[in-house]
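**Student:** here is a sequence together with a model predicted from it:
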Amino acid sequence: MGITQTATQSRIWALTHAPRGGIDVASELRRLMPRDRWLLELLHEHQVFTTEQIAALGFDHLHTARNRLVLLNQRGLLARFRDGVRPGSQQWRWTLDLIGAAYLAARNDEPEPKTAVIRRRINRLASWPGLAHQLGTNGFFVDLAAHARHTTGAQLGVWWSERTCRTVTGELVRPDGHGLWTEDGHTCSFWLEYDRSTEKAHQVTAKLDGYAALHRATGLDHTVLFWLDSPGREASLRARLAAHPAVTSGTLAVATAGSGTEHPAGPVWAPLEATDRVRLAHLQPPST
């Protein structure tokens, strides 16, 4: 089997054809370490991570992560891609390649994936306009998970992708993610809106209509978090969000953070009904 680099919009290293004799998942199982299987599951749920994100999630050293990822790429389990940027190099982005997708399909008793289908998926992901948003959303949860790895009493108990969120929210609202964060005995369950200033303020505010409808339909009282890319963006949105009927009635608890550089577990969250910032775990559900 050959892994080649293609000169498209992005530099992509992935299988171009199936191995001679077909995909031998059984043989690959003998070489998969528990951390490899964990990573395949993670990519199946969340699509794409950078090298640094994967290292933060499951490795003690960046170079160890790089070496393992390259090996998994050479074996056709993972594909990697990045844009050609100058000066310097962009971080590699990692996603499932043919053998990795075949392993998951076999485990789930699903049809074996076709090389052309996987290749198209990788190409679409590499050129996807929403890639930066997806990496940013994943990075938010990576920061929490990495913090929990090294902090006693901290845990990211739930981490759902947008796709998994939709199994609960349906068409009412489209959160970028859902999490359950615990630290020092305090817990916050939340929906995440990861904002990169690509939508107008009224469009962002209108999302609360969907969260209010979801609350009425299901009774879920998760706090709605708006992770914003600048203090200016936060300031421009807070008044609009605070005036929403679902907020003024106490139906929804909403908090914002607007530096874009602080750690999401820290005291960066400003509930709409307060001025002081608190740690993520200290955010409270709606009062009604």
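**Tutor:** Arrived safely, thanks for sending.

**Student:** domain assignment for this structure?
**Tutor:** 3-128, 132-282 (automatic domain parsing).

**Student:** weakest of those domains in terms of mean pLDDT?
**Tutor:** The stretch with the lowest average pLDDT out of the domains of the chain is domain 3-128, scoring a mean of 89.

**Student:** and residue 53, what is it in contact with?
**Tutor:** Contacts here follow C-beta atoms under 8 Å, 6 or more residues apart in numbering; on that basis residue 53 touches 135, 138, 139, 142. C-beta coordinates here come from the backbone N, C-alpha and C atoms, glycine included.

**Student:** 7 Å - rerun?
**Tutor:** By C-beta atoms under 7 Å, 6 or more residues apart in numbering, the residues touching residue 53 are 138, 139, 142.

**Student:** the first one: which element?
**Tutor:** Residue 138 belongs to helix 131-149 when elements are defined using DSSP states H and E.

**Student:** separation between the residue most central in space within the chain and residue 159?
**Tutor:** Geometric centre of the chain, nearest residue: residue 138, 2.5 Å, by C-alpha atoms, centre = their mean. Distance, residue 138 to residue 159, by C-beta to C-beta, to the nearest Å: 9 Å.

**Student:** then residue 121?
**Tutor:** When C-beta to C-beta is the yardstick, residue 121 and residue 159 sit 22 Å from each other.

**Student:** what of residue 186?
**Tutor:** Spatial separation of residue 186 from residue 159 under the definition C-beta to C-beta is 18 Å.

**Student:** would you confirm that residue 43 contacts residue 93?
**Tutor:** No: counting by C-beta atoms under 7 Å, residue 43 does not reach residue 93; the two are 10.7 Å apart.

**Student:** need the contact list for residue 128.
**Tutor:** Contacts here follow C-beta under 7 Å, 6+ apart; on that basis residue 128 touches nothing.

**Student:** shift numbering so it begins at 56
**Tutor:** Fine by me, first position is 56 from now on; the one you just mentioned is residue 183.

**Student:** distance of it from residue 138?
**Tutor:** Look at residue 183 and residue 138: by C-beta to C-beta, they are 12 Å apart.

**Student:** thinking again about what came up before, for residue 241 and residue 214, indicate the residue with more neighbours.
**Tutor:** Under the neighbour definition other C-beta atoms under 10 Å, residue 241 and residue 214 were set side by side, and residue 214 has more, 21 against 15.

**Student:** for the more buried one, which non-adjacent residue is closest in space?
**Tutor:** Closest residue in space to residue 214, ignoring its immediate chain neighbours: residue 196 at 5.1 Å, by C-beta to C-beta, 6 or more residues apart in numbering.
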